[in-house]
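**Student:** let me see the structure of the following:
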Amino acid sequence: MELRLHPHEWSRPRPDWRAAVVAGLVAGAVLMVLDMAWSVFVTGDSPWRSSYRVAAIVLGRDVLQATADFDSLIVGVALVTHYVLGVAFALLLATLLTGFHYDASPGMTELIGTLFGAVLYLVNFHGLAQFFPWLAEWRGWAAFIAHLVFGMTAATLYWQFARHEPS
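**Tutor:** Have a look, this model is predicted:
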């Protein structure tokens, strides 16, 4: 029997990429629904306003000048951008979970996912806001909590869906 004194050292197991993609898509959808619900029920803003902000990352800041009505091009670009980023972040999270063996228990997986969501919030709304200044408008507790939920959801779903190879 092998005694592991440092169970969270980096090793190179392969994450279950399929599980990570599914986790990213679902967690991205949860984040989007939370954002739309917050926009409608708390701030009284259009549910499409966040689509314009996300689409502006790809289409440029001129998109932000338009009214926040439903526009299929804007919403389509926002959905693709949002889901691509959600999947990319979930792939990164799965790599960290698997590489450091944090995927061994659901509690540790949820904790790491929640911490990942906090870091993701900082990267998105403080780091990327240097390049996309309109993202700074989203800073606040609602976005922070939504990103915690994203990280926890992505990590938990990855843990549930991943096919773990016997060690």
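**Student:** got the buried residues for the helix or strand encompassing residue 84?
**Tutor:** For residue 84, the host element (DSSP states H and E) is helix 72-99. Using 16 or more other C-beta atoms under 10 Å as the burial criterion, the residues of helix 72-99 that qualify are 74, 77-79, 81-83, 85-87, 89-94, 96-99. (Glycine included, C-beta is placed from N, CA and C.)
**Student:** other SSEs contacting it?
**Tutor:** Helices and strands touching helix 72-99, by 3 or more C-beta pairs under 8 Å, 6 or more residues apart in numbering; DSSP states H and E, are helix 17-41, helix 49-59, helix 106-122, helix 141-161.
**Student:** ok, which of these comes nearest residue 133?
**Tutor:** Residue 133 sits nearest to helix 49-59 of all the helices and strands packed on helix 72-99, at 10.2 Å, using C-beta to C-beta.
**Student:** what does the closest one rub up against?
**Tutor:** 32, 35-36, 39, 62-64, 66, 68, 74-75, 77-79, 81-82, 132, 134-135, 137-138 (C-beta atoms under 8 Å, 6 or more residues apart in numbering).
**Student:** kindly recompute the last result at 6 Å.
**Tutor:** With C-beta atoms under 6 Å, 6 or more residues apart in numbering as the test, helix 49-59 has contacts from 35, 39, 63-64, 68, 74-75, 77-78, 81-82, 132, 134.
**Student:** same question for stretch 66-81.
**Tutor:** By C-beta under 6 Å, 6+ apart, stretch 66-81 touches 46, 48-49, 51-52, 54-55, 57-59.
**Student:** so where's the chain shaky on pLDDT?
**Tutor:** 1-12, 164-167 (pLDDT under 70).
**Student:** 90 - rerun?
**Tutor:** For the chain, the stretches with pLDDT under 90 are 1-14, 39-40, 42-47, 49, 66-69, 99-105, 138, 163-167.
**Student:** quick one, which of the helices and strands packed on helix 72-99 is nearest to residue 128?
**Tutor:** helix 49-59 (8.4 Å).
**Student:** if you count neighbours, what's buried in the closest one?
**Tutor:** Buried, per 16+ other C-beta under 10 Å, within helix 49-59: 49-57, 59.
**Student:** gap between it and the chain center?
**Tutor:** 16 Å (C-alpha atoms, centre = their mean, to the nearest Å).
**Student:** put the alpha carbons of it into CSV.
**Tutor:** Extracted C-alpha coordinates of helix 49-59, given in CSV (Å, rounded to 0.1, in the frame of the first residue of the first chain):
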residue,chain,number,x,y,z
ARG,A,49,-28.8,44.1,-21.9
SER,A,50,-26.2,41.5,-20.9
SER,A,51,-26.3,40.0,-24.4
TYR,A,52,-25.2,43.3,-25.7
ARG,A,53,-22.3,43.5,-23.3
VAL,A,54,-21.1,40.0,-24.1
ALA,A,55,-21.6,40.5,-27.9
ALA,A,56,-19.6,43.7,-27.7
ILE,A,57,-16.5,41.6,-26.8
VAL,A,58,-16.7,40.2,-30.4
LEU,A,59,-18.5,42.9,-32.3
